[in-house]
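A.B. asks: Below is the sequence, then the predicted model.
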Amino acid sequence: MSPARATRREWLSRWGILLALLALGAALSLLSPTFLTASNLLNVLRQISVNGLLAFGMTTVILSAGIDLSVGSVLAVSGAVAAGLAAGGWPAGLAMAAALLSGVAMGLFNGLFVALFRIAPFIVTLGGLTIFRGVALVYTDGRPITGLPPAFDALGNGVLLGVPAPALVMLSFLALTHALLRFTALGRAVYAVGGNEEAARLSGLPVPGVKLFAYGYAGLASALGGLVLTGRLNSAQPTAGAGFELDAIAAVVVGGTSLFGGRGGVAGTFLGAAIIGVLNNGMNLLDVSAFYQQIVKGGVILGALLVDRLVANRKD
Amino acid sequence: MPLRGTLLLLSALALAAPAQARETVGLSVSTLNNPFFVTLRDGAKAAAAKAGLDLVVLDAQDKPDKQVADVEDLVQKKVKVILVNPTDAAAVVPAIQRANAAGIPVITVDRAAAGGRVAFHIASDNVAGGKLAGALVCKLLGGKGAAVELEGIPGSSAARDRGQGFNEALKAGCPGVKVVARQTANFDRAQGLSVMENVLQAQPKIDAVFAHNDEMALGALQAIRASRKHIRLVGFDATDDAVKAVAACDLKATVAQQPAEMGRLAVEKADQLVKGGAPPAATEFIPVALKLVSSAKCP
């Protein structure tokens, strides 16, 4: 694979996503008078923020040729930790920092099994999904945690310079992740490990360390998502984030990142999350039956995978 | 993503686009994966058709975060009134506040919200319903025995209120009936089955079960049948399945809420607001009557 061709292919797949998003947006603005208003577009940006955050972490793991099914459960634990500590009298900032740390710790727990004990990521994180959900239920005693300091409401429902705070958090994290993956040695190592693990090992890259980083980073992203969701709901729900791993994986895949690792990036993932968010929003505005909504969403994900496959085949 | 596929999808969306002529009211339902709320929606739809309103129904699939997004979308759509059937009392508050900020009146249906400005709250008096069930269990057991309570989603007002009514009735009027196990099955039939199986393992003697809804009662029924024990079962909601089970003497009784009536009343109140009626200063509670559904021919 020559780097130039790989890059061209990535651009092709990314432009395809952008075009699809624009076409979808154009059609929705014709069909619904409300779709193309500044307030609705900001509304969509706010709605995709949690999935976006999870999906950026998921992208990092998938680029390393792994998968993380535990993101929704990690989100629930982190949200509960932040809410529990804050409701118990900790300063909000400190509680949130502790929650982020708990997310990193859970990510490293996954990474440890994947990188050092060499167990398949699917199985490891399936275990994580169940374990961390259990932790969330134990910690919250199965009840929502409420009575949070105003900082949470500000994070979830606040507005800064006209932009919803969750969107700002997501966009900042997008920029950070993009820079990390593209412009640092660590980020390039993630691509190398995912592209060809054996070659990466032979060229002297610390493969287990790189994988640990990828899972730890996904944990951080999920914890951030947990903070935002806790803010948005102004409460920590024990069942928060159930099933979120699927939406996150969908955003990554629709965004053109290969499930086999080594190819893709968070810019595409952002567009993928935006397509899913715009679809959800548009179908709500157009009053599409809830049952059909799921069929349409699934169809779009399958279609994106099909194109991914076709583009890859053409290259071979 | 294929452009052709996108276009196909868009034409499907175009077909689904409604006419924009009439006034629109939004209804955010906690889940349409439960016959109770489907009946509630149908009642609301029928009332909307009669009142000449367009009703947009969004299904939160029991996810508080989806419900917030759904209500936000209804605000963007500038519907005249938003009817909310909350998934969770606390988590729905930011959504209601957003509707408040946009000046759109909110009516809560079946479950209450923990905050925000709500014009009307339309629900059964669940405490009264729980008391009905408690009194019936007491009568069935002749004032003495062991009962199990299958609880709904922890923290939901329906679970809290039904449990409160049931336990108050037993405590006040029936000290001989003891609640030996109290477990949540989250209003879900599959969980009702597995939780009841576990309780049957743990408790040697059970005389009656009160489930906070029929789905859990019908799940528990499977577990009780498999155990071949004689246990009297009382549910709540009077869904079609449960009413059939009562007729077949599988359930002793179910407390009937009237979901269609709830949907109808909600739309009726919404119609008042659309036609220019001022919302009340404080949330006005509109109770919906409850009744026991039981079969006389069962032993």
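C.D. replies: Thanks, I have the structure now.
A.B. asks: Quickly find the element holding residue 50.
C.D. replies: All of this refers to chain A. helix A:49-63 (DSSP states H and E).
A.B. asks: Oops, wrong one, chain B.
C.D. replies: Going by DSSP H and E, B:Lys50 is part of helix B:35-51.
A.B. asks: Could you list the low-confidence segments of the stretch 1-150 of chain B?
C.D. replies: The stretch 1-150 of chain B contains residues with pLDDT under 70 at B:1-21.
A.B. asks: what ranges do the helices span in it?
C.D. replies: For the stretch 1-150 of chain B, the helices defined by DSSP state H, counting those that start in this stretch cover B:3-16, B:35-51, B:64-76, B:93-101, B:126-140.
A.B. asks: Bridged to the residue in chain B positioned nearest to chain A, which residues?
C.D. replies: Nearest residue of chain B to chain A (Cβ to the nearest Cβ) works out as B:Asp59 at 3.3 Å. C-beta: built from backbone N, CA, C; applies to glycine. Beta-bridge partners for B:Asp59, by DSSP bridges, are B:Val29.
A.B. asks: Give me the contacts around stretch A:280-298.
C.D. replies: With Cβ atoms under 8 Å, 6 or more residues apart in numbering or on different chains as the test, stretch A:280-298 has contacts from A:24, A:28, A:31-32, A:34-35, A:40, A:43-44, A:47, A:250, A:276, A:279, B:9, B:12-13, B:16-18, B:32, B:56-59, B:61, B:69-70, B:73-74, B:76-77.
A.B. asks: hmm, back to that, possible to save the helices of the stretch 1-150 of chain B as JSON lines with mean neighbour count and distance to A:Pro206?
C.D. replies: Below are the helices of the stretch 1-150 of chain B laid out as JSON lines (neighbours: other Cβ atoms under 10 Å in any protein chain shown; distance: least, Cβ to Cβ, whole Å):
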{"stretch": "helix B:3-16", "mean neighbour count": "15", "distance to A:Pro206": "42"}
{"stretch": "helix B:35-51", "mean neighbour count": "20", "distance to A:Pro206": "53"}
{"stretch": "helix B:64-76", "mean neighbour count": "25", "distance to A:Pro206": "38"}
{"stretch": "helix B:93-101", "mean neighbour count": "21", "distance to A:Pro206": "44"}
{"stretch": "helix B:126-140", "mean neighbour count": "22", "distance to A:Pro206": "59"}
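A.B. asks: Could you export the ones you listed to TSV, including columns for distance to chain A?
C.D. replies: TSV is the format used below for the helices of the stretch 1-150 of chain B (distance: least, Cβ to the nearest Cβ, whole Å):
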stretch	distance to chain A
helix B:3-16	4
helix B:35-51	10
helix B:64-76	4
helix B:93-101	5
helix B:126-140	18
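A.B. asks: Could you give the number of residues near residue 235?
C.D. replies: Going with chain A. 30 (other Cβ atoms under 10 Å in any protein chain shown).
A.B. asks: wrong chain, I was asking about chain B
C.D. replies: Look at B:Gly235: counted by other Cβ under 10 Å, it has 32 neighbours.
A.B. asks: Assumed it was part of a strand.
C.D. replies: Yes: B:Gly235 sits within a strand when classified using DSSP: H, G, I helix; E, B strand; the rest coil.
A.B. asks: OK, contacts around the residue nearest the centre of chain B?
C.D. replies: The centroid of chain B falls nearest to B:Asp110 when counting by Cα atoms, centre = their mean (5.8 Å). Applying Cβ under 8 Å, 6+ apart to B:Asp110 gives the contacts B:Phe37, B:Leu40, B:Asn85, B:Ile122, B:Ala123, B:Ser124, B:Ala158, B:Gln257, B:Pro259, B:Met262.
A.B. asks: any idea how far B:Asn186 is from the last one?
C.D. replies: With the distance defined as Cβ to Cβ, to the nearest Å, B:Met262 ends up 21 Å from B:Asn186.
A.B. asks: Equivalent analysis for the first one, please.
C.D. replies: Distance check for B:Phe37 against B:Asn186: by Cβ to Cβ, it reads 15 Å.
A.B. asks: If you count neighbours, what's buried in stretch B:190-205?
C.D. replies: Buried residues in stretch B:190-205, counted by 16 or more other Cβ atoms under 10 Å in any protein chain shown: B:Gln191, B:Gly192, B:Leu193, B:Val195, B:Met196, B:Glu197, B:Val199, B:Leu200.
A.B. asks: Spit out the contact partners of A:Met96.
C.D. replies: Per Cβ under 8 Å, 6+ apart, neighbours of A:Met96: A:Ala82, A:Ala86, A:Ala151, A:Leu155, A:Leu227.
A.B. asks: between those residues, which is closest to B:Glu168?
C.D. replies: A:Ala86 (34.1 Å; Cβ to Cβ).
A.B. asks: okay, now that closest one: neighbour count?
C.D. replies: A:Ala86 - counted by other Cβ under 10 Å - has 25 other residues nearby.
A.B. asks: Now whichever strand or helix holds it: average pLDDT?
C.D. replies: Element membership for A:Ala86 (DSSP H and E) is helix A:71-87. Helix A:71-87 carries an average pLDDT of 97.
A.B. asks: chain center to it, what's the gap?
C.D. replies: 17 Å (Cα atoms, centre = their mean, to the nearest Å).
A.B. asks: And for stretch B:78-95?
C.D. replies: Relative to its chain's centre, stretch B:78-95 lies at 15 Å (Cα atoms, centre = their mean).
A.B. asks: what's the answer for stretch B:183-196, then?
C.D. replies: Worked out by Cα atoms, centre = their mean, stretch B:183-196 lies 16 Å from the chain centre.
A.B. asks: for stretch B:283-290, same thing?
C.D. replies: For stretch B:283-290, the distance to the chain centre is 14 Å (Cα atoms, centre = their mean).
A.B. asks: Give me the residues contacting it.
C.D. replies: So stretch B:283-290 is contacted by B:117-125, B:128-129, B:132, B:255-258, B:261-262, B:265, B:269 (Cβ under 8 Å, 6+ apart).
A.B. asks: how about a cut-off of 6 Å?
C.D. replies: The contact list for stretch B:283-290 (Cβ atoms under 6 Å, 6 or more residues apart in numbering or on different chains) reads B:Val118, B:Phe120, B:His121, B:Ile122, B:Ser124, B:Asp125, B:Gly129, B:Val255, B:Gln258, B:Glu261, B:Met262, B:Leu265.
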